[in-house]
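Trainee: A structural model of the following input is requested.
(one chain, ligands or ions: 3)
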Amino acid sequence: MPYEVQGVVAAGKGEPVSVRTVIVPDPGPGEAVVNVQACGVCHTDLHYRDGGINDEFPFLLGHEAAGVVEAVGPGVTGVAPGDYVILNWRAVCGNCRACLRGRPWYCFNTHNAAQKMTLEDGTPLSPALGIGAFASKTLVAAGQCTKVDPDARPAVAGLLGCGVMAGLGAALNTGNVTRGDSVAVIGCGGVGDAAILGASLAGAAKIIAVDIDDRKLDLAGGFGATHTVNSRTTDPVEAIRELTGGHGADVVIEAVGRPETYKQAFYARDLAGTVVLVGVPTPEMTLELPLLDVFGRGGSLKSSWYGDCLPSRDFPMLIDLYLQGRLNLDGFVSETIELDQVEEAFGKMHRGEVLRSVVVL
Ligand code: APR
Ligand code: ZN
Ligand code: ZN
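Mentor: Ligands and ions are numbered 1, 2, ... in the order given. I've put the predicted structure just below:
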């Protein structure tokens, strides 16, 4: 029997979201239905609402989620009903060139559930990032479920499904931060703070947090920042150089997604340093740089997609570290809310008042 649940739906471009009845089909081959217990509010949900991602309205929003598997379809062996899982939006194929070469985070055949969830009148819903978890149940591909220790509370576990993983992975996987490194993080929202936390976990000796908002710089200290720079009042490139003996940072992580901060990241690195770009720019943004600077500065320039994570490797490990008290994931949960408060949470996110609002179901 299909399930009838309440879910947060974006019906049309720029319209406020609303809670609607959603029909979730029984899982088909390779699919799973998950009882969502918590789902964080992310900028990407807002981009969907505003038509910034595609025009396939109506959307079922929500994609940073944890919950318990309710049912699985034929052929599913990786997860079973009762398993506590974090959902991921890149279930890899294991067979494409990227997967076979050992870089599954670049997989080009990631997949989602084949069936559609619908509104009561049968209108198909597009689930945000193939998840759609602002609902008490959702339908996903079984490969989107990663089993983790159930002792981690859902409001925290779900955050690893997107923004917090992106930041942790930018430091740990893409930037390969290692003990003794100097690291600068530009932009201290949820993603930047997670990068700070990742750098701290990796044993970075100096972690410089850069933001234009003092409220954010205060919070960054709780994730391991050793120095803070307000780039509204201080030139961040100069400040980072000064704090690193004139060299620049070994790893600079950009977590804003704007031309001026890309440029700061580029110039704030040590000659042999690494720039990791995790902030997502908009399509019209461009950046002009002297080619001699591009050529003349060594090191490397990398972008980080979803923290170059491998959910089956990274989610359980990070949850274990959290349960051991070694990873401050609690610090990202600014508030817990109900389904009908998502629109309000978009406003708080936009005004920079929260790191993450998390819907708890
Ligand atoms: N210089 C420094 N910091 C800035 C600047 C700037 N010019 N402009 C904005 N910021 C800061 C904001 O004050 C805020 O603290 O960047 C931070 C951005 O944080 P959030 O808006 O909370 O966004 P977050 O969820 O952290 O995502 C950041 O990473 O994955 C991407 O799509 C995501 O592009 C987004 C980025
Ligand atoms: Zn997200
Ligand atoms: Zn693949």
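
Trainee: how many residues are close by Thr174?
Mentor: By the measure other Cβ atoms under 10 Å, the count of residues near Thr174 is 25. Bear in mind the C-beta positions are built from the backbone N, C-alpha and C, glycine included.

Trainee: close to ligand 2: what parts of the protein are there?
Mentor: 42, 44, 162 (Cβ under 5 Å from the ion).

Trainee: could you pull up the residues touching the first one?
Mentor: Spelled out, that is Cys42. Applying Cβ atoms under 8 Å, 6 or more residues apart in numbering to Cys42 gives the contacts 63-64, 162-163, 356.

Trainee: and the residue of the stretch 201-350 of the chain that's closest to ligand 3?
Mentor: Using Cβ to the ion, the single residue of the stretch 201-350 of the chain nearest to ligand 3 is Leu310, 11.6 Å away.

Trainee: contacting residues around the least confident helix or strand in the chain by mean pLDDT?
Mentor: Lowest on mean pLDDT, DSSP states H and E among the helices and strands of the chain sits helix 291-296, with a mean of 90. By Cβ under 8 Å, 6+ apart, the surrounding residues in contact with helix 291-296 are 266-267.

Trainee: mind checking how far whichever helix or strand comes after that helix is from the chain centre?
Mentor: Under the assignment DSSP states H and E, the closest C-terminal helix or strand after helix 291-296 is strand 300-303. The chain centre lies 18 Å from the centre of strand 300-303; the measure is Cα atoms, centre = their mean, to the nearest Å.

Trainee: stretch 153-164 now?
Mentor: 9 Å.

Trainee: phi, psi for Leu271 please.
Mentor: The phi and psi torsions at Leu271 (degrees, to the nearest 10) take the values phi -50, psi -40.

Trainee: wait, it touches Gly298, no?
Mentor: Yes - if you go by Cβ atoms under 8 Å, Leu271 and Gly298 touch, sitting 5.0 Å apart.

Trainee: let me see the contact set for the closest residue to ligand 1 within the chain.
Mentor: Proximity to ligand 1, evaluated over the chain using Cβ to the nearest ligand atom, is greatest for Gly189 at 1.9 Å. With contacts taken as Cβ under 8 Å, 6+ apart, Gly189 has the following neighbours: 216, 255, 352, 355.

Trainee: and Phe295, how many neighbours?
Mentor: Residues lying near Phe295 (other Cβ under 10 Å) number 8.

Trainee: and the helices in the stretch 101-250 of the chain?
Mentor: For the stretch 101-250 of the chain, applying DSSP state H, counting those that start in this stretch gives helices covering 154-157, 163-169, 190-201, 214-220, 236-243.

Trainee: want to throw those into JSON lines with mean pLDDT?
Mentor: Formatted as JSON lines, those follow (pLDDT from 0 to 100):
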{"stretch": "helix 154-157", "mean pLDDT": "98"}
{"stretch": "helix 163-169", "mean pLDDT": "98"}
{"stretch": "helix 190-201", "mean pLDDT": "98"}
{"stretch": "helix 214-220", "mean pLDDT": "97"}
{"stretch": "helix 236-243", "mean pLDDT": "98"}
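
Trainee: got a markdown table for these, with distance to ligand 3 and mean neighbour count too?
Mentor: A markdown table is the format used below for these (distance: least, Cβ to the ion, whole Å; neighbours: other Cβ atoms under 10 Å):
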| stretch | distance to ligand 3 | mean neighbour count |
| --- | --- | --- |
| helix 154-157 | 25 | 24 |
| helix 163-169 | 18 | 28 |
| helix 190-201 | 25 | 30 |
| helix 214-220 | 35 | 17 |
| helix 236-243 | 37 | 20 |
